[in-house]
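Chemist: sequence isn't available, so here's the structure alone:
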RNA sequence: GCGGUCGUAGUCUAGUUUGGCAGGACAUCAGCCUCCCACGCUGACGACCCGGGUUCAAAUCCCGGCGACCGCACCA
C-alpha cells in the first residue's frame, strides 16, 4: 500500500491486509461468500500452524499431555450424554408484527416469577402456554408472537443412508477426549493426573457471525482435558508459576457492576479462594505467558469470571481469558472451566461403560467391618423360592442397622420379610482396602485457535513511517528470512540464489525476491512480517559477507555467509538478539 | 433472523440523479533504470455481486436473491 487509507479501524485494516497478502479471507467468494467461514492462505496457514506448534510445545512437549485427533461427526447418543442436545439450543419466538426475535425463555422469565433454571427447563409447548396464558406481548411493539421454535446451534446430519442414524458436527472437541477416556487412561499408564488435548475443527451454527475470524461457524478449537484425583487436587508445578501475576475480573466484582481488576499472584489467587483449583490457576498463568509470547502484552489481557448463569451446563467455575482488541473491546480467546466429574459420570451412565479409576493406597488400609452372613440352611425352608432374593437383599443392607434392630426388637423387617436372629450371622470381619474407586475430575483449558491467530495479527500490526509492518514474534512469523540481491545484475542474483537454496536446505523458511527496488522489497517483506532480510551486495562478491536487516528497527549488521545457519538458528531459538548477528553498519 | 446503509479490476474510486463505447490511481506482472528502505519511464493483465424484468439499449430504472458494514438476541 503506497498511501495510508483514511484511518480505517484496525480490524478493517488487518482484514484487508490479510486478504491482500494471503493470510485469510471469506470462503466461497466466487459464489458471493458465506458468513462464518474463512479460508487461510499460505501465510495464514503457516502462522496458524506456528501458533498451534507453540501450544504443542507448551502442553505436549513440556507437560506431557497426550494429543489425539478424533472425528468431527459424532453420533447423537454422545451429545445426549454430554448434555449438548438439551442445552445447545435456544427457544426463540418472533413477533408477528415487527418481526423482532426473542429468546422465549427470557421473555417468560421476565413476566412470570420463575428462576432462570426453571425457565430453561420449560418445553416448547409449556413456553407457548406460558406466553399465551400470561398474555406476553412483544416488548418492542406490543405485537403477538408466532410459534416457539428451537434453534439448535449444532449442525445436524445423518450417518450413512439411514435417516434415523443422527449425527452432529461437534461444537467442541472435548467429547472426543471423554469418550476415549479408558484408552487414554491406559496410555497414561493408569496414573493421575494426566491430560489429553486435541486441536481440531468444531462446528457451531451461529445465528449471525459477523466478526471475521472472531466468530466462525467452523473453527479450530484446542481442548485440553486435564484429569485429576479430586482428593489430590494439588499441582506439582505450582511452585514454578506461583509468583506469576494474574489479572482477574471476579464474579463478585461484576455483580457490583464494576470492571475493577483484582491483580494477584497465582499463590494469592488460590489462598484467597478466587480460583478454586490449583491446576486451573496454573493453566491460567501458562496462558498469560503464551499470549505474551504471541505478542499480546499482559496489560491487554484479563481473566473474567463467568457468572453462574453465564456458565456452560457442565462447569462449576469458569474464567474466560480476554484480550483487548481495538474494534470489539474485550474478546474471549481462551477459557478455563472446572468440569468436575460431569462428563465422565454422564458417559458412564449413558454408555454403561465403567469410567471409574482405581487408585491403590500407598499402604493398604485394614478395616474392621460388620458383615451380614445369611444362613441359607435357615432361610431356605422359610422363604423357599424367595430365599435367594432375601439373601441378596440382606447382603446389601447396612449391617449396623440390622444388628441394632435384632437386638432391640428381636427381628428386622427387610421389606415384607421378617428376619429373625437365627437367620443371619453377624460377624466382625477384617477387610483390607487396597485403594479406592472414583471418577476423576477435570479442569479444561480451551483455546480458540482462530481467535489467537487474529489477536496475534492485530497485535503485530504496526505503522512505521507510513508503512505497514507485522511485528510477529520471531518464532511465529510465517516466513523467517528474505533473501535479496541488492540489484538484479552484475552477478548479484547468481550469488543470492544459491544462498537462498542453502538456507532452505538448512531448514529455514526463506523467500527469494529480486523484483523492484531494494526498498520496495523490504517494504513487501515487512508487510507480511518477515523478521530478517539478507541482502547480497557488491561486498559479498569480494568477502562472502551479507547484510542482515531487522524488520522492526530497519537496522543492519554484516555477517559471513558460512556463519548464517548457526547464527539464524540461535536467533530464531531466542538464544541471541539481532545485534549479536554481526557487526553493526 | 429484523431494521438502516451499501455492493464498479487485488485495493481505493469516477460514472448511477438525467439509461447511450466503463475512466483514473495504487498494487501485481514483463522490461528499462537503480550500490540499501514503496523513485522514475514503457508496456501488459484486470471490474459493473448473482438472477429475472422494463427498454432499440441497463453499471444506471424495477423485482428477487446473495454478501458486507452499523445497531438488537447466541458464543471459543
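Modeler: It's in. The structure presented is a predicted model; accordingly, all values stated were derived computationally and were not measured.

Chemist: identify the residue spatially nearest to the residue in the stretch 301-450 of chain A that RNA strand B sits nearest to, adjacent ones excluded.
Modeler: RNA strand B sits closest to residue A:448 of the stretch 301-450 of chain A, with a gap of 3.0 Å, by Cβ to the nearest atom of the strand. All C-beta spots, glycine's among them, are computed from the backbone N, C-alpha and C. Distances taken as Cβ to Cβ, 6 or more residues apart in numbering put residue A:333 closest to residue A:448, at 5.7 Å, once the chain neighbours are dropped.

Chemist: try residue A:473
Modeler: residue A:295 (5.3 Å).

Chemist: secondary structure class for the closest residue to RNA strand B within chain A?
Modeler: Nearest to RNA strand B, among the residues of chain A, is residue A:519, at 2.3 Å (Cβ to the nearest atom of the strand). Under DSSP: H, G, I helix; E, B strand; the rest coil, residue A:519 falls in the helix class.

Chemist: how does chain A divide into domains?
Modeler: Annotated domains of chain A cover A:10-71+A:161-343+A:443-449, A:89-152, A:364-436, A:479-584 [automatic domain parsing].

Chemist: could you dump those to a markdown table with distance to residue A:456?
Modeler: Supplementary listing: those in a markdown table, determined by distance: least, Cβ to Cβ, whole Å:
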| stretch | distance to residue A:456 |
| --- | --- |
| domain A:10-71+A:161-343+A:443-449 | 5 |
| domain A:89-152 | 32 |
| domain A:364-436 | 45 |
| domain A:479-584 | 10 |
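
Chemist: nearest to residue A:472, out of the ones you listed?
Modeler: Closest approach to residue A:472 among the domains of chain A (Cβ to Cβ): domain A:479-584, 4.2 Å.

Chemist: quick check: end-to-end length of that closest one?
Modeler: 24 Å (Cα to Cα, to the nearest Å).

Chemist: do stretch A:206-226 as well
Modeler: 28 Å.

Chemist: so which bits of that stretch are buried?
Modeler: A:209, A:211-226 (16 or more other Cβ atoms under 10 Å).

Chemist: please apply the same query to stretch A:504-513.
Modeler: Those would be A:508, A:510, A:511, A:512, A:513, for stretch A:504-513 by 16+ other Cβ under 10 Å.

Chemist: ok, residue A:466 - how many residues close by?
Modeler: The number of residues packed near residue A:466 is 9, by other Cβ atoms under 10 Å.

Chemist: kindly report the same for the one 3 residues further on.
Modeler: For residue A:469, the number of neighbouring residues by other Cβ under 10 Å comes to 22.

Chemist: next one: residue A:254
Modeler: Residues near residue A:254, counting by other Cβ under 10 Å: 16.

Chemist: Three-state assignment for residue A:337, please.
Modeler: Residue A:337 - assigned by three-state DSSP - is strand.

Chemist: now the phi/psi pair for residue A:484, please.
Modeler: For residue A:484, the backbone dihedrals (degrees, to the nearest 10) come out as phi -130, psi 130.

Chemist: what about it, distance to residue A:244?
Modeler: 41 Å (Cβ to Cβ, to the nearest Å).

Chemist: separation between residue A:363 and residue A:40?
Modeler: 55 Å.

Chemist: the more surrounded of those two?
Modeler: residue A:40 (21 against 7).

Chemist: so what's the more buried one up against?
Modeler: A:23, A:24, A:48 (Cβ atoms under 8 Å, 6 or more residues apart in numbering).

Chemist: neighbour-wise, which of residue A:484 and residue A:244 wins?
Modeler: residue A:484 (29 against 18).

Chemist: looks like that one contacts residue A:537 (just checking).
Modeler: No - at 9.4 Å, residue A:484 does not count as touching residue A:537 under the criterion of Cβ atoms under 8 Å.

Chemist: what parts of the stretch 401-550 of chain A come near RNA strand B?
Modeler: Residues of the stretch 401-550 of chain A lying close to RNA strand B (Cβ under 7 Å from any atom of the strand) are A:446-448, A:450-451, A:465-468, A:486-489, A:515-520, A:522-524, A:526-527, A:535, A:537-538, A:547, A:549.

Chemist: show the buried residues in these.
Modeler: A:446-448, A:450-451, A:467-468, A:486, A:518, A:522-524, A:526-527, A:535, A:537, A:547, A:549.

Chemist: follow-up on the earlier one: now the residue nearest to residue A:448: which helix or strand?
Modeler: strand A:329-340 (DSSP states H and E).

Chemist: wait, residue A:41 sits on residue A:23?
Modeler: Yes - applying Cβ under 8 Å, one finds residue A:41 in contact with residue A:23, separated by 5.9 Å.

Chemist: for the helix or strand hosting residue A:483, give the mean pLDDT please.
Modeler: Taking DSSP H and E as the criterion, residue A:483 maps to strand A:481-485. In this model, strand A:481-485 has a mean pLDDT of 97.

Chemist: swap in stretch A:562-573?
Modeler: Stretch A:562-573 comes out at a mean pLDDT of 97.

Chemist: would you mark the buried spots in it?
Modeler: For stretch A:562-573, by 16+ other Cβ under 10 Å, it's A:564, A:567, A:568, A:571, A:572.

Chemist: can you pull the contacts of the last one?
Modeler: For residue A:572, the contact set (Cβ under 8 Å, 6+ apart) comprises A:474, A:475, A:480, A:508.

Chemist: do a quick rundown of the strands in the stretch 251-400 of chain A.
Modeler: A:262-265, A:301-305, A:318-325, A:329-340, A:357-374 (DSSP state E, counting those that start in this stretch).

Chemist: please compute how far the fourth one lies from its chain's middle.
Modeler: By that I understand strand A:329-340. 8 Å (Cα atoms, centre = their mean, to the nearest Å).

Chemist: which residues touch the strand holding residue A:333?
Modeler: For strand A:329-340, using Cβ under 8 Å, 6+ apart, the contacting residues are A:174, A:214, A:225, A:230, A:276-277, A:280, A:283-284, A:287, A:291, A:302-304, A:311-312, A:314-325, A:441-448, A:451-452, A:455.

Chemist: repeat that for stretch A:537-546.
Modeler: A:486, A:490-492, A:495, A:499, A:534-536, A:547, A:558-562, A:564, A:582.

Chemist: gap between the residue nearest to residue A:448 and residue A:452?
Modeler: Taking Cβ to Cβ, one finds residue A:333 at 6 Å from residue A:452.

Chemist: name the helix or strand for the residue lying closest to residue A:104 once chain neighbours are set aside, please.
Modeler: Setting aside the residues directly before and after it, residue A:104 is nearest to residue A:91 in space (Cβ to Cβ, 6+ apart), at 4.0 Å. Taking DSSP H and E as the criterion, residue A:91 maps to strand A:89-94.

Chemist: what of residue A:564?
Modeler: With DSSP H and E as criterion, residue A:564 is part of helix A:564-572.

Chemist: much appreciated, bye for now.
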